[in-house]
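Asks: Requesting a structural model of the entry that follows:
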Amino acid sequence: MRRYVAAIDQGTTSSRCIVFDHSGRVVGVAQREHEQLFPQRGWVEHDPQTIWRNTESVIAEVLEQNDLTADDIAAAGVTNQRETTVVWDRSTGEPVYNAIVWQDTRTAELCRKLAGSEGPNRYAERTGLPLSTYFAGPKLRWILDNVDGARERAEAGELCFGTIDSWILWNLTGEHITDVTNASRTMLMDLRTLQWDSQICEEFGVPESVLPRIHSSSEVYADVSSGPLAGVPVAGILGDQQAATFGQACLKPGEAKNTYGTGNFMLLNTGTTPVTSRHGLLTTVCYRIGDQDAVYALEGSIAVTGSLVQWLRDNLGIISSADDIEELARSVDDNGGAYFVPAFSGLFAPRWRPDARGVIAGLTRFVNKGHIARAVLEATAFQTREVADAMRADAESEQLDLELTTLKVDGGMVRNELLMQFQSDILDVPVVRPVVTETTALGAAYAAGLAVDFWSDTEEIRANWAEDKTWEPTMSDAEREQLYAEWNKAVERTYDWAD
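Replies: Residues are numbered from 1 along each chain as shown. Okay, here's the model as predicted:
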């Protein structure tokens, strides 16, 4: 009897396979980290072969640990770090270069050239995205231009491009496919037609022969061809933040979630019509179930949140593990006047300042490591406030009834109760953590399970969602606005640092 659904969650720092039951609860999980490669300043890479080997390993491990076989699995879903870019040989499967990670900034000059006289919003109306180093299209162009023979081989039809979902699916099934959510992060897909835009591809210098076929987020794509999941249909693909939105059951316009991971990503469901942001947010495909109309979202993408805690641990040695930061931050009553703006890769939404670089502002002799730890956590909440304010402004300008009254949260950092309370305080709305916080993998499982009727409809998904804890705002308006004003002063000190 096929009692479970498996989700392959290929993230920025690790690969996981999680098995869920019909109630959406975790049955088993296996995880392996992979190395972060920094060959030059501003460059971030992963080894695609290592990612695939780790994916194979965690699939086998979670089945073995829980005494499961392919016969127990109704379907498999894939969720992934989104804009990270892989190009590989169509016949051998060998990557022509390392995966270029979404945080990588090497394409800054290329993005300026592509923007030309029209500026960074040259393609925003069609793609929902500003020209930025963040997205996959410029990364693909860089590989074609800088890897020996890559352009010639691509134009001859010998190479495949994909975001990580395509790389995983190709290795699982031999099919070269992506879904609408991942395709919407390339800058090469038209949001309304949900197809590759031939004019943009031509202007980017990208031959369409390298691009995967675009499918919905929930349908049977192909069966796994070998390994412990052989014969199981792969039936769901969602980029990680869209998957978390789906897993949080944000299925109606106006419902929003915020994921606290390597970076932070807030998505607001806007329904079946794409809303063009006027305040620095991204318009993206949220999900598409089978042949139903696509559902769209406004997204605020923040580059550095959880990775700032890792930086405090690995680069400065102030803490020995990520979990230590809450206790250290609680050793002081406030931030001591210190503000940490982690613009390591520039600033993403809503400011989009690739010239920015990180600063710690407001330092005095009074500030100690506890204040720095607190400033690190508060940076996550302040950046989230900026995104929430932009969402409110977009909703007002479009005359949409999309007021944020509650924020659903997920991701590794939501275990930090000091951060969650400060987040509620600085937003002035309740913050709600669900019982199942593995919402990214859960969303991919839901997409796959819906395609094979493991779950009958989205109402079953909504019924599975349950609250674990809610934080209510307790901060005064005066204190909230003073802290936020000082944060904004600190952010402005980061501008015009990089050429």
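
Asks: what sits against residue 413?
Replies: Going by CB atoms under 8 Å, 6 or more residues apart in numbering, residue 413 touches 260, 261, 305, 306, 309, 380, 419. (Glycine included, C-beta is placed from N, CA and C.)

Asks: With neighbour count and secondary structure as added columns, please give those in CSV.
Replies: Output for the contacts of residue 413, formatted as CSV (neighbours: other CB atoms under 10 Å; DSSP: H, G, I helix; E, B strand; the rest coil):
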residue, neighbour count, secondary structure
260, 25, strand
261, 22, coil
305, 27, coil
306, 21, helix
309, 27, helix
380, 26, helix
419, 26, helix
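
Asks: taking those as a set, which two sit the farthest apart in space?
Replies: The distance between the two most remote of these (CB to CB) is 13.1 Å, for 261 and 419.

Asks: ok, so of the contacts of residue 413, who is nearest residue 498?
Replies: residue 305 (20.5 Å).

Asks: My understanding was that residue 326 contacts residue 420; is that so?
Replies: No. Counting by CB atoms under 8 Å, residue 326 does not reach residue 420; the two are 10.2 Å apart.

Asks: Neighbour count: these two, which is higher?
Replies: Ranked by neighbour count (other CB atoms under 10 Å), residue 326 and residue 420 place residue 420 first, with 23 against 19.

Asks: Tell me which residue of this protein is furthest from the middle?
Replies: residue 365 (37.9 Å; CA atoms, centre = their mean).

Asks: where does that one sit relative to residue 339, distance-wise?
Replies: In this view, residue 365 and residue 339 are 17 Å apart by CB to CB, to the nearest Å.

Asks: Now the closest residue to residue 454 other than its chain neighbours: which helix or strand?
Replies: Distances taken as CB to CB, 6 or more residues apart in numbering place residue 74 nearest to residue 454, at 4.5 Å, with adjacent residues excluded. For residue 74, the host element (DSSP states H and E) is strand 73-80.

Asks: and that strand, what does it pack onto?
Replies: strand 4-10, helix 164-173, strand 233-239, helix 240-247, helix 439-451 (3 or more CB pairs under 8 Å, 6 or more residues apart in numbering; DSSP states H and E).

Asks: Dump these to CSV, plus mean pLDDT and distance to residue 80.
Replies: Shown next, in CSV, are these (pLDDT from 0 to 100; distance: least, CB to CB, whole Å):
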stretch, mean pLDDT, distance to residue 80
strand 4-10, 97, 5
helix 164-173, 97, 4
strand 233-239, 97, 6
helix 240-247, 93, 6
helix 439-451, 95, 9
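
Asks: how about those in TSV, adding distance to residue 52 and mean neighbour count?
Replies: Output for the helices and strands packed on strand 73-80, formatted as TSV (distance: least, CB to CB, whole Å; neighbours: other CB atoms under 10 Å):
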stretch	distance to residue 52	mean neighbour count
strand 4-10	9	28
helix 164-173	5	26
strand 233-239	15	30
helix 240-247	17	32
helix 439-451	17	31
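
Asks: so which of those gets nearest residue 187?
Replies: strand 233-239 (14.0 Å).

Asks: List the strands paired with that closest one, with their directions.
Replies: Paired strands of strand 233-239, with direction, are strand 73-80 (parallel), strand 218-223 (antiparallel) (DSSP bridges).
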